[in-house]
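**Q** what's the 3D shape of this:
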Amino acid sequence: MARSKTITLLLVFAMLSHGGANAAEVPHDLKTVPVANALGLDLYDVAFQWTSSNDNTQASRFQILVASNRRRLDAEVGDLWDSGWRTQETSSGVLHRGRAFAPGSEVWWKVRLRQGDEGPGPFSEPAAIQVPALPRVKQPGDDVTNPTRLVRNRVVFVGSTLISRMARHAFLETAITARWPHHDITFRNLGWPGDDVYGTARSEFGSAYNTRSWQPPERQEGFGYGVLMKQVEDEKPTTLIIGYGTATAFSTDSEAFERFTVGYGNLVTVLEETGARIILLSPPRGYSDL
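**A** A predicted model of the protein is given here:
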C-alpha cells in the first residue's frame, strides 16, 4: 500500500511539474513595432514581438491571433489573422500577414507557444494596437467621410522601353500584392517604347500636325511631354516609379548625356508636385558616372 501511494504521489508531482512548465511559458511584454516600406505605400504594417521565459526562442513554435475587437479575440477568433503554428525565424519580430488594419481602429492580439512534442501553452494576455487615424498624406480619391476606409495606394510606372516591357511580366506587381494581399493597391504602367525624359515618343498621341511619324514637328516641340504630364495627372499616383536612361547609360555622346541629365532633373521636379513618393530606377551597370 505504501508503494502505491508513493507512485501516486510521484505521478501527481510530475503532472504538477508539467503544468507549471507550461504556465511558465506564457508570453509577456507584447509589443507591435511599425514597419516602414520603401515604396512609400500608405499602410500600417507591424511586426509582433514578445518575451518568453525560455531563452531558446528559436526552438519555439507560436500561434498569433489578431482580431478586430476584444470580444472576438476572447472567443479565440482571429478574424484579421490566425497565423497557425509557425516557427520563429528571426528575433526582430513576426510580420503581420493578415488582413489590413482600418485607419483609426483598435485591434487586439495575443500569442501562445509550444515546445517540442508538448501541447500548446496558454495564450498571453491580450494587447491592443491603436491604428493611426490618418494616412501619411491625403491622396486624391481618399474617402474623407469614412475615416476607417482602407487607404488607397496607386503605384504608377513611368519610363521608356524597360518600363513598357514590364507590363508583359508583372513580377514586381505580383510580389507587392502577395506581400500586402488585403490592402488597396493598384498599378498602372505608363511606359512607352523609345520614349525619353522629354516625352518625345509620345508625340504621336493626338497631334494634328503629326500624321506620319512619332517625331514631333517643330511647331509642336514639347507636345509629347504635355501628353506624359496629362497621363500622370489622370492616374493620380501615390507612388511613382520612374525608369529612364537605359540607353543613355551606355552613350559616349557628352552632349546627349548632358541633355538627358537636365531633362531628367526637370521631369523629377515637376512630378514631385503630384505629392507622390518618387522612386528612381537606376540604369544597368555600364556607365559609372550616371
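
**Q** Can you show me the strands along the stretch 151-290 of the chain?
**A** 152-159, 184-189, 239-243, 277-280 (DSSP state E, counting those that start in this stretch).

**Q** Those strands into CSV, with extra columns for distance to residue 64?
**A** Where you see a C-beta, it was placed from the backbone N, CA and C, and this is true even at glycine. Converted to CSV, the strands of the stretch 151-290 of the chain look like this (distance: least, CB to CB, whole Å):
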stretch, distance to residue 64
strand 152-159, 25
strand 184-189, 23
strand 239-243, 29
strand 277-280, 30
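
**Q** Could you dump these into a markdown table with mean pLDDT and mean neighbour count added?
**A** Output for these, formatted as a markdown table (pLDDT from 0 to 100; neighbours: other CB atoms under 10 Å):
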| stretch | mean pLDDT | mean neighbour count |
| --- | --- | --- |
| strand 152-159 | 92 | 23 |
| strand 184-189 | 93 | 18 |
| strand 239-243 | 94 | 22 |
| strand 277-280 | 92 | 16 |
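
**Q** can you list the weak-confidence ranges in this structure?
**A** The chain contains residues with pLDDT under 70 at 1-24, 53-59, 88-91, 134-151, 204-221, 283-290.

**Q** try 80 this time
**A** 1-25, 40, 53-60, 88-92, 115-118, 134-151, 203-222, 247-252, 282-290 (pLDDT under 80).

**Q** May I see the domains of it written out as residue ranges?
**A** For the chain, automatic domain parsing gives the domain ranges 25-130, 152-280.

**Q** so which of the strands of the stretch 151-290 of the chain comes closest to residue 115?
**A** strand 184-189 (38.3 Å; CB to CB).

**Q** Next, the buried residues of stretch 268-288.
**A** If you call a residue buried by 16 or more other CB atoms under 10 Å, then stretch 268-288 has these buried ones: 271, 274, 276-278, 281, 283.

**Q** now do stretch 171-188
**A** Neighbour count says stretch 171-188 has 173, 176, 180, 183-185, 187-188 buried, by 16+ other CB under 10 Å.
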